[in-house]
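S.K.: The following comprises the amino acid sequence and a computationally predicted model.
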Amino acid sequence: MTGVTTSDVSYDPYDVAINADPYPVFRRLREEAPLYRNEQYDFFAVSRYDDVERGLRDRDTFISGRGGILELIKSGLEIPAGTVIFEDPPTHTMHRALLSRMFTPRRVASLEPEIRSICAEALDPLVGSDGFDLIRDFGAVMPMRVIGRLLGIPEQDQEAIRDRSDATLRTEAGKPMEQHDAFATGEMFAEYIDWRAEHPSDDIMTELMTAEFDDETGTRRRLTRDELLTYLSVVAGAGNETTTRLIGWMGTVLADHPDQRRQVVDDRALVADTVEEVLRFEPPAPHVGRYVARDAEFQGETVPEGSAMLFLVGAANRDERRFERGDAFDIHRPSMSHLSFGYGAHFCLGAALARLEGRIALDELLTRFPEWDVVREQARISPTSTVRGWETLPIVLP
């Protein structure tokens, strides 16, 4: 069995060249170093599906309360209360239960007509053109407007909120994120919650302001102002960035596989499976970080307490021990669980919304534009160390 020290394979999560196409390195990690140790940035990584799934499931050993991003885990930064994605029980259980009230299956399903309308408003003006930027003109527009309406952000302010939220994830190419930027967005919601306090509405902001719950001490209360600001920041960021990246990857992968794209154009029953296969094949969040709270064993080796661990979702999703021909894109792939939305206690609360947005976006795009090509020399990957996807994606139409 290959272990942590037997291969010369190198994985640098900040390397621009690797980030452009990480899959050759991911394959080598799975085969040669399934438990990988990076000395430069002081972290471990696992890449096989079973190891990643087991680690994400074990929330007692691999904790989220120190952050889910390598830079945060290494920094020792105190995580603000209400940052649900970076919490452990009992506060995580409490905060997640509260937020889950806002994303019930019925509420998500009811959004379909509005999401279709938003897609039409973005795409209809592009019909008859020679091409457009799939991110600027569509991928970054629809998720922003959907989450903005859900939160209760005025339409004229949604773009600014999105840009400020996205900016916290951007890095200088080849370098880690500045830790002090990670939670820089909460205060931008302050004026909205002050206004909403006097003008309640049918939106998540109002619901979060008025919802009562039992906290970890058993006290019945509402969210504090700081908790509320953090909640809104988390929801806005998660609701914008990853769905934008998903739309970009759908555009790229289907351009690379025109025969399969034609099948989806002709049979819209394939849309849902296509979205799932894109999520498996090109996950917007290719790795998830955890702090190791107690010694753990992978591949016969010990990962010591106090370490930082990266679970390489992008590698696990192509592990041929789990997915036959894992590096091949196949919209007819038998249904098998990928890890792009996480696993276990921290499974993405917005997964149902993201899937709905992805299905509608693809359906509406194919209705108007059944064929397109990507202008690769002008496309640019977004410089972040947390999500992976296109910053700009020019496409040309026949």
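M.R.: Received, thanks. Note that this is a predicted model, so its numbers are computed, not measured. Numbering: from 1, shown residues only.
S.K.: SS state for Val234?
M.R.: Three states are possible here, and by DSSP: H, G, I helix; E, B strand; the rest coil the one that applies to Val234 is helix.
S.K.: any weak-confidence spans in the chain?
M.R.: When the per-residue scores of the chain are filtered using pLDDT under 70, the ranges that remain are 1-6, 81-82, 158, 160-187, 385.
S.K.: residue nearest the centroid of it?
M.R.: With the centre of the chain defined as its mean C-alpha position, the nearest residue by C-alpha atoms, centre = their mean is Thr242, 4.0 Å away.
S.K.: List the contacts of it.
M.R.: With contact taken as C-beta atoms under 8 Å, 6 or more residues apart in numbering, Thr242 is in contact with Pro284, Ala285, Ala354, Val387. Any C-beta I mention is one placed from the backbone N, CA and C, and that applies to glycine too.
S.K.: Tell me which two of the residues you listed sit farthest apart.
M.R.: The widest separation within the contacts of Thr242, taken as C-beta to C-beta, falls between Ala354 and Val387 and amounts to 12.4 Å.
S.K.: if we can go back for a sec, correct me if wrong, but the residue nearest to the centre of the chain is in a helix.
M.R.: Yes: checked against three-state DSSP, Thr242 lies within a helix.
S.K.: Quick check: chain neighbours aside, which residue is closest to His332?
M.R.: Closest residue to His332 apart from its sequence neighbours, by C-beta to C-beta, 6 or more residues apart in numbering: Asp273 at 7.3 Å.
S.K.: List phi and psi for the one you found.
M.R.: Here the main-chain torsion angles of Asp273 (degrees, to the nearest 10) amount to phi -70, psi -30.
S.K.: mind listing what it touches?
M.R.: Applying C-beta under 8 Å, 6+ apart, the residues near Asp273 are Ile331, His332, Arg333, Ser335.
S.K.: Surely the first one touches Val271?
M.R.: No: taking C-beta atoms under 8 Å as the definition, Ile331 is not a contact partner of Val271, at 9.3 Å.
S.K.: Those two: which has the busier surroundings?
M.R.: Set side by side, Ile331 and Val271 show more neighbours around Ile331, with 22 against 19, by other C-beta atoms under 10 Å.
S.K.: Please report how far the residue nearest to His332 lies from Leu362.
M.R.: Taking C-beta to C-beta, to the nearest Å as the measure, Asp273 and Leu362 are separated by 11 Å.
S.K.: Next: Gly65.
M.R.: 36 Å.
S.K.: Same check on Pro383?
M.R.: Here Pro383 is placed at a distance of 26 Å from Leu362 (C-beta to C-beta).
S.K.: Arg294 now?
M.R.: Following C-beta to C-beta, the distance that separates Arg294 from Leu362 is 43 Å.
S.K.: Many thanks, I have nothing further to ask.
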